[in-house]
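**Q** Here is a sequence together with a model predicted from it:
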Amino acid sequence: MARILQPNNFDHLRLFLALSVACVHAATLSGEPQLAWMNHCFNSKLAVDGFFIISGCMVTASYERSRSWRDYLGKRARRIYPGYVAVIIASLLLGACITSSAQYWQEGTTWRYLAANLVFLNFLAPLLPGVFDASPVNMHAVNGALYTIKIEVLFYLLLPFLVLLHRKTGVMRLLAGLYILSCLYYYAAAPLSTVLARQLPGQLRYFAVGMALYYFGDAWRKYLHRLLIPAAIIVGFYSFDVDALPLETIYPAAVGVLVAWVAYGLPRLGNLMRVGDISYGVYIVHFPLIQLAVQMGWLNTHPLAGAALVGAVVVALAIALWHLVEKPALRADSHYRQKI
């Protein structure tokens, strides 16, 4: 049976990617010139793409370790939903404290936000009435980072069918087919809508790369030294070229090489699970906290110090979320508990 090779740095990489997204959002949402360097040092799209690849690997491993598809879906729900619900409800209560609307709890927008977000459809109701409506960059969403979660959930639901299919057709044939079809979808959808192009059919190639990283981990590690420099060049060209559509075919595979190199090619960086599996928490809590800091003016006088303070609060809340909500929701035999 395939396995995730040990030792690895997946936990460290996921945390770095989550913090990278947070840094980009701090610079973007604040509009502060002193934070603009974060947009140049960190790449939120690359971070999200890396997340999808890691997810493809980790979630496939979760399915292969599960006793049944029901067991697998139960594990996925316990891992992501309790923390997600806690953040949605906390955001709702935070909104009540800072809203400029005198009828906050009577507004239909408030309850649409709660209903839509609880079922991962945040794009249908991203706003709360009178909340973050004084944004200096005209970004009023309560938690704009959550758009990726529905893509993750759809992949979770699709994975059992993909595994069943590859057991009939062969892993390599299935993954190659998924990758090609996903690229074709992206090329067809991108001229019409970038948002549409980046939904699950277009993002499936990243999950396919992650699945390949799981099923062929030994081969990835064997050829990493040959693929690293070409992959870095491809990702570099793509990252600096806003009109890089021709690179879309090979870019996901190149990102996969970089993910594999950090996970397997670097020395083991330590055991982050002593603190907790906080990367997910950092990702889902950072956006509303940055919005709050911007609205309260905490980033105006001393942007760097304010951003550092917000970052520390984000990490602290992510740790609390893990220990108070996420970890207690897991089963005793969860591999997240066993890694501690």
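**A** On my side now, so go ahead.
**Q** any idea which element the nearest residue to R76 once chain neighbours are set aside lies in?
**A** For R76, the nearest residue in space outside its immediate sequence neighbours is Y156; the separation is 4.9 Å by C-beta to C-beta, 6 or more residues apart in numbering. Where you see a C-beta, it was placed from the backbone N, CA and C, and this is true even at glycine. Assignment of secondary structure by DSSP states H and E places Y156 within helix 147-169.
**Q** What's the separation between I278 and R173?
**A** Using C-beta to C-beta, to the nearest Å, one gets 38 Å for the distance from I278 to R173.
**Q** meant to ask about I149
**A** Distance of I149 to R173, computed by C-beta to C-beta: 30 Å.
**Q** More neighbours: which of these two?
**A** For I149 against R173, the residue with the higher neighbour count under other C-beta atoms under 10 Å is I149, and the figures read 19 against 12.
**Q** How about the more buried one: what's its closest non-neighbour residue?
**A** I149's closest residue in space is F120 (C-beta to C-beta, 6+ apart), at 5.5 Å.
**Q** ok, now Y104?
**A** Skipping the residues right next to it in sequence, Y104 comes nearest to A96 by C-beta to C-beta, 6+ apart, at 5.5 Å.
**Q** Wait, that neighbour touches A102, no?
**A** No - with contact defined as C-beta atoms under 8 Å, A96 does not count as touching A102 (11.6 Å).
**Q** What strand or helix carries the nearest residue to C41 once chain neighbours are set aside?
**A** Residue nearest to C41 in three dimensions, not counting chain neighbours: C23, with 7.5 Å by C-beta to C-beta, 6+ apart. Counting by DSSP H and E, the element that carries C23 is helix 10-30.
**Q** model confidence over that helix, on average?
**A** When pLDDT is averaged over helix 10-30, the result is 95.
**Q** what comes up buried for it?
**A** 10-15, 17-30 (16 or more other C-beta atoms under 10 Å).
**Q** same question, stretch 76-83
**A** Residues of stretch 76-83 classed as buried by neighbour count (16+ other C-beta under 10 Å): R76, R78, R79, I80, Y81, P82, G83.
**Q** got it, and stretch 313-321?
**A** Burial within stretch 313-321, assessed by neighbour count using 16+ other C-beta under 10 Å, is assigned to V314, V315, L317, A318, A320, L321.
**Q** One more: stretch 81-98?
**A** If you call a residue buried by 16+ other C-beta under 10 Å, then stretch 81-98 has these buried ones: Y81, P82, G83, Y84, A86, V87, I88, S91, L92, L94, G95.
**Q** Which of these sits closest to A190?
**A** Y84 (29.0 Å; C-beta to C-beta).
**Q** Off-centre distance for the helix or strand harbouring the closest one?
**A** Under the criterion of DSSP H and E, Y84 resides in helix 69-98. On the basis of C-alpha atoms, centre = their mean, to the nearest Å, the separation between the geometric centre of helix 69-98 and that of its chain is 15 Å.
**Q** likewise stretch 96-105?
**A** For stretch 96-105, the gap between its own C-alpha mean and the chain's C-alpha mean amounts to 30 Å (C-alpha atoms, centre = their mean).
**Q** Tell me which residue of this structure is furthest from the middle?
**A** Distance to the chain centre peaks in the chain at A102, reaching 34.7 Å (criterion: C-alpha atoms, centre = their mean).
**Q** quick one: secondary structure of that one?
**A** The three-state assignment at A102 reads coil, by DSSP: H, G, I helix; E, B strand; the rest coil.
**Q** ok so, going back, and the angle for the helix holding Y156 with helix 10-30?
**A** Compare the direction of helix 147-169 with that of helix 10-30 by axes from the mean of the first three to the mean of the last three C-alpha atoms, to 10 degrees and you get 140 degrees.
**Q** next structured bit after helix 147-169?
**A** If you walk from helix 147-169 toward the C-terminus, the next helix or strand you reach (DSSP H and E) is helix 171-189.
**Q** buried ones in that next one?
**A** Burial within helix 171-189, assessed by neighbour count using 16+ other C-beta under 10 Å, is assigned to V171, L174, L175, L178, Y179, S182, C183, Y185, Y186, A189.
**Q** again with stretch 140-152
**A** By neighbour count with 16+ other C-beta under 10 Å, stretch 140-152 contains the buried residues 140-152.
**Q** Point out where this protein drops to low pLDDT.
**A** Scanning the chain for pLDDT under 70 picks out the ranges 1-3, 241-245, 333, 335-340.
**Q** repeat that with 80
**A** 1-6, 240-247, 270-273, 331-340 (pLDDT under 80).
**Q** Show me where the stretch 201-340 of the chain has its strands.
**A** According to DSSP state E, counting those that start in this stretch, the stretch 201-340 of the chain carries no segments that qualify as strands.
**Q** Let's verify the residue nearest to I149: helix, strand, or coil?
**A** Local secondary structure at F120 is given as coil here, using three-state DSSP.
**Q** State the distance from it to I80.
**A** Counting by C-beta to C-beta, the gap from F120 to I80 is 10 Å.
**Q** What of A320?
**A** Taking C-beta to C-beta as the measure, A320 falls 17 Å from I80.
**Q** What of P288?
**A** Look at P288 and I80: by C-beta to C-beta, they are 18 Å apart.
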